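Asks: Sharing a model prediction with you, sequence too.
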Amino acid sequence: FSIDPSAMANVAAALLPGGIEGSTADDCKEMGNKSLSAGKLDDAIYFYTLGLSKREGCHVLHSNRSAVYAKKAEWDSALQDAEQCVKLKPDWARGHGRLAAALEGRERVGEALASYEEALRLDPNNQGYKA
């Protein structure tokens, strides 16, 4: 269950420091993270998207939103954000991990394996990429 967009905007305006207009991308990221932790996936997507409207090209916000889409099994959206994340920050292992997860969700196993291998190359101590 998620509230409608206009109601979400009202909630966001009340929760964000400075409201929607006065808040920063980091404020939005923090609220997205809190929403994700609380299992409010649509709210997390809303906050990450709002953050991207304030800081276009933020690889972390694309990564976080990709993770939420993956939790919802919305693989096309997860893949789109993961690809954008990797394009923006190709040397970041987490982005390649998100890309691998989204590719795996789309049942593109060979490509997923290559992305996991790149993530592991960039962060060899991360056990999550060794599965």
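Replies: That came through, no problem.
Asks: Run through this structure and note the low-pLDDT ranges.
Replies: Scanning the chain for pLDDT under 70 picks out 1-20, 22, 131.
Asks: all helices for it, in order.
Replies: Here the chain has its helices, by DSSP state H, at 5-15, 19-22, 25-37, 41-54, 59-71, 75-88, 93-105, 109-122.
Asks: what's the burial count for residue 127?
Replies: By other Cβ atoms under 10 Å, the residues close to residue 127 number 7. C-betas here are computed from N, CA, C, even on glycine.
Asks: err, residue 77, not the other one
Replies: A total of 16 residues lie near residue 77 under the criterion other Cβ under 10 Å.
Asks: do the same with residue 110
Replies: The number of residues packed near residue 110 is 8, by other Cβ under 10 Å.
Asks: again with the one 5 residues further on
Replies: The local packing count at residue 115 equals 24, with neighbours defined by other Cβ under 10 Å.
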